[in-house]
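J.: sharing a model prediction with you, sequence too.
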Amino acid sequence: MSTLDTEKADPAARAATGRPPRGDRRRDRHRSRTDGRVPLGRRLRRDRMLLLMTAPVLALVVVFNYVPILGNVVAFQDYDPYVSTNGITAIFQSPWVGLAQFERVFSDPGFWHAVENTLVLFLLQLVLFFPVPIALALLVNSVLRPRVRAFVQAVLYLPHFFSWVLVITVFQQILGGAGIIAQTLRQHGHEGFDLMTDPEIFKFLVTAEGIWKDAGWGVIVFLAALAAVNQDLYEAAAMDGANRWRRMWHVTLPALRPVIALLLVLRVGDALTVGFEQLLLQRDAVGPGAAEVLDTFVWWTGLRSQDFSYAAAAGLVKGVVGLVLVLSANKIAHLMGEQGVYRK
Amino acid sequence: MTRATETTPRPTSWWAAPARPVWEEPPGRTGLAAKGAVLVLACLAVLVPLWIVVVTSLSSKKTITETGGLVVVPRDITFIAYQELLSGGQVTRAAVVSVLVTVTGTLFSMAVSILGAYGLSRPGSVGHRFILLTLMATMFFGAGLIPTYLLVQTLGLTDSYLALILPSAVSVFNILVLRGFFMNVSQELVDSARIDGAGDLRILWQIVMPLSRAVIAVITLFYAVGYWSAWFNASIYLSDQNMMPLQNVLIQLAQKQEIPVGLGQAVRAGNLSGLAVQMAVMVLALLPVAVLSPFVQKHFKKGMLTGAVKG
């Protein structure tokens, strides 16, 4: 630990503070408070290696996460990237239009349609997708044989690591017009079908794809929570005459409650993001009427129609509403007595 | 079952279930059957589509024509689709691009993340709280697609593989997971190394990293899968079709029903099915992750759960 260097460098100063030897305070959680006595210059010198090590991460995050935030000013412009040699200097030469872009966004039925699709998909995923990992975790947890359990887990986790391109292609091969089900039906003289291009059932298809890819992965968190349950509680409940179901209701589910609350908060906070890549990949097949969500709307208007300012305005609306959603979801979790994403 | 196992029951046999606690009632027959059925169905839902993809990619044109499309029961196994795909041409190039981007990107991401996580993991160091907050704040908002695109364009990264690596090089979540593990390395060990004259880099390399192998394996897998599966950045930042990674080629093949450049001849000549080619590209795209992820599986839990932030 770098503090030892300070000790070596300046034993007199440490003796003067009359504090117990460093070793005794090593695990002091409020270490930084005691460090306040060490001059900043010396702390900087002491920790220069650590600071140097964080520099690349910090640089990447500042450049690719913070600098682009400033780029959102194009939402208040009529931005044209071609008035100058590069995109940044073009910002200084493009005319400012105030909130005109936002007025355009809010009076655009296409935008509201994207909002509607986003919310419908979010609600469907919340109702149909969210409970699946919990149920699967209870099932997997009841498998006692370790090898069977490891196998089931390996199989269920697998699709999480497939790309969306792969998942959607697999679905197309199974459910699409040339897919294996339609093909078998046709061979037996029935009508074929194509679930992949039907706008009516598209939202269920999207949810099913999400479940196939990520429900198994979601099991991990719940399995860990289940492993942490005190087994004595089950025995005590059994002694009191609680059967299997009552033990699940009164012991298991309360134990899962904090995890469920946390994941619910995360999901609600992220409500406006409903699978950008997944929907973008299917936008051509099913059409924008069913597949257009906020993220794909920004992509289409900005990168395809080159209406950068308009798309940036729509993206900014999404970003701000999203931030408000995360913060309020957290607040609600705290009010309910659960731990949110961050601590108060 | 052989006689030996009958006469000498081995409770430690790999198949034996661990004993139930005495207070737990043995499960009913219907309950067991229902549970088993659901688990088997869930596993089949994952495995059957993969099976069909693999078998079809290994089928000859004759088999595919006879079954009228996708093949479920393997008949005559042939590797012709793979031979054609991997003997140069669009798919070979895309696969090489994907491997190179994944390897380079993962090495870069891991180097940056491990250094950063260690730099933030020593209690009481100058400014670590501020840097940590700066990183964590990005988990709550995104800058937006359009400004990010304009930035990457201005930096001159378009039409370069750097555009596939740099903007997505750092995952704050992964850094928090690594940091959580590095903080749990015993302070006594670190201190004794320091007394022996080791600097921070040496402590990280010789003490902290060897003790954190499991989590490093998990995070490496997360980053590698991220790079391997990525296609969106390539689709907006690269314009040269010859530079495209495997996933983007798969999009062209599957979504637009095209045949890989250079293979049209073989397909038209009649000894290669376009469907088998498509399935073979899918197998190429899923093979690395399907092979690697089970090895890291037993550590997933650690990787997912130590993301909890410690001040």
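T.: Yep, that arrived.
J.: so where's the stretch 201-311 of chain B shaky on pLDDT?
T.: Across the stretch 201-311 of chain B, the ranges flagged by pLDDT under 70 are B:255-258, B:261-271, B:301-311.
J.: ok and the residue in it nearest chain A?
T.: B:Ser229 (3.3 Å; Cβ to the nearest Cβ). Placement of C-beta: from N, CA and C, glycine included.
J.: list the contacts for the residue lying closest to that residue once chain neighbours are set aside?
T.: Leaving aside its chain neighbours, B:Ser229 sits nearest to A:Ser163 (3.3 Å; criterion: Cβ to Cβ, 6 or more residues apart in numbering or on different chains). By Cβ atoms under 8 Å, 6 or more residues apart in numbering or on different chains, the contact set of A:Ser163 is B:228-231, B:247, B:285.
J.: same check on A:Gly179?
T.: A:172-173, A:194, A:196, B:70 are the contacts of A:Gly179 under Cβ under 8 Å, 6+ apart.
J.: quick one: pLDDT of it?
T.: As predicted, A:Gly179 sits at a pLDDT of 77.
J.: got the phi and psi for it?
T.: Main-chain dihedrals, A:Gly179, degrees, to the nearest 10: phi -80, psi 170.
J.: likewise B:Gly28?
T.: Given degrees, to the nearest 10, the pair of backbone angles that B:Gly28 has is phi -70, psi 160.
J.: interface residues of the stretch 201-344 of chain A facing chain B?
T.: In this structure, the stretch 201-344 of chain A approaches chain B at residues A:212, A:216, A:220-221, A:223-224, A:231, A:234-235, A:238-239, A:243-244, A:276-277, A:280-281, A:284-285, A:295, A:298-299, A:302-303, A:308, A:311-312, A:315-316, A:318-319, A:322-323, A:326-327, A:342-343, judged by Cβ under 8 Å from any Cβ of the partner chain.
J.: distance of A:Glu200 from chain B?
T.: Distance of A:Glu200 to chain B, given as Cβ to the nearest Cβ, to the nearest Å: 21 Å.
J.: just say helix, strand or coil for that residue.
T.: coil (DSSP: H, G, I helix; E, B strand; the rest coil).
J.: near chain A at all, stretch B:186-193?
T.: Yes: using Cβ under 8 Å from any Cβ, we find that stretch B:186-193 touches chain A at B:187, B:190-191.
J.: return the set of buried residues in that stretch.
T.: B:190-191, B:193 (16 or more other Cβ atoms under 10 Å in any protein chain shown).
J.: go on, stretch B:199-215?
T.: Residues of stretch B:199-215 classed as buried by neighbour count (16+ other Cβ under 10 Å): B:200, B:203-204, B:207-209, B:211-212, B:215.
J.: now, the residues you listed that are in helices?
T.: Among those, DSSP state H puts B:200, B:203, B:209, B:211, B:215 in helices.
J.: where do the strands sit along chain A?
T.: Under the criterion DSSP state E, chain A contains no strands.
J.: can you pull up the most central residue in it?
T.: A:Asp270 (6.5 Å; Cα atoms, centre = their mean).
J.: contact partners for it?
T.: A:322, A:325-326.
J.: with A:Val293 instead?
T.: A:114, A:117-118, A:121, A:274-276, A:279.
J.: which pLDDT value belongs to B:Phe19?
T.: If you look again at residue B:19, you'll see it is Ala, not Phe. Value listed for B:Ala19 in the pLDDT field: 76.
J.: that's a helix at it, yeah?
T.: No: going by three-state DSSP, the assignment for B:Ala19 is coil, not a helix.
J.: tell me how far it lies from A:Leu279.
T.: 49 Å (Cβ to Cβ, to the nearest Å).
J.: which one of these two has more residues nearby?
T.: Per other Cβ atoms under 10 Å in any protein chain shown, whichever of B:Ala19 and A:Leu279 has more neighbours is A:Leu279, with 25 against 9.
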